[in-house]
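Asks: Sharing a model that was predicted from the sequence below.
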Amino acid sequence: QLQLAESGGGLVQPGGSLRLSCTASGFTLDSYAIAWFRQAPGKEREGISCIRQSGGSTNYADSVKGRFTISRDNAKNTVYLQMNSLKPEDTAVYYCATRFNVYCSSYSLDYNYWGQGTQVTVSS
């Protein structure tokens, strides 16, 4: 069964850090592009980062550029999102997704496999 599972969310103070994990089962993550999206209450799902097929490029939304870093650990079949200098506006449910393609897309409708999401709350 094909699955993506996110973990690592939680409550953190402004300026703090979290590392989210996206682990796959049933397929090999490094064969495809993997994206991170987030959705805050009342807002549309926002693409924030993507990493192409193993060895490929990464990209980031302007809202997280310089603060978030996406990476892979192929041995663990996992993609990470390191989030530093967190702000209250980063509060959202974070999802990883794949469209079984080597290329990234920033459009959520292009993705057909999603994890269940992990809540990130940035608050003092």
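Replies: Yep, it's here.
Asks: Need the three-state assignment for the spatially most central residue of the chain.
Replies: Centroid-nearest residue in the chain, with CA atoms, centre = their mean: W36, separated by 2.6 Å. Under DSSP: H, G, I helix; E, B strand; the rest coil, W36 falls in the strand class.
Asks: That one contacts V93, correct?
Replies: No - W36 sits out of contact with V93 when judged by CB atoms under 8 Å, with a separation of 11.3 Å. Placement of C-beta: from N, CA and C, glycine included.
Asks: residue ranges with poor pLDDT in the chain?
Replies: Where the chain drops to pLDDT under 70, the residues are 55.
Asks: which residues in it form strands?
Replies: For the chain, strands defined by DSSP state E occupy the ranges 3-7, 10-12, 18-25, 34-39, 46-51, 58-60, 68-73, 78-83, 92-98, 113-114, 118-122.
Asks: Select, out of the ones you listed, the one closest to C104.
Replies: strand 46-51 (3.5 Å; CB to CB).
Asks: Need the CA coordinates for that closest one. CSV is fine.
Replies: Extracted in CSV, the C-alpha atoms of strand 46-51 (Å, rounded to 0.1, in the frame of the first residue of the first chain):
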residue,chain,number,x,y,z
GLU,A,46,0.1,26.7,0.0
GLY,A,47,3.1,25.1,-1.7
ILE,A,48,6.2,25.9,0.3
SER,A,49,9.0,23.7,-0.8
CYS,A,50,9.8,20.9,-3.2
ILE,A,51,12.8,18.6,-3.9
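Asks: now for it, which elements pack on it?
Replies: strand 34-39, strand 58-60, strand 68-73, strand 78-83 (3 or more CB pairs under 8 Å, 6 or more residues apart in numbering; DSSP states H and E).
Asks: Return the most buried member of these.
Replies: strand 34-39 (a mean of 24; mean count of other CB atoms under 10 Å).
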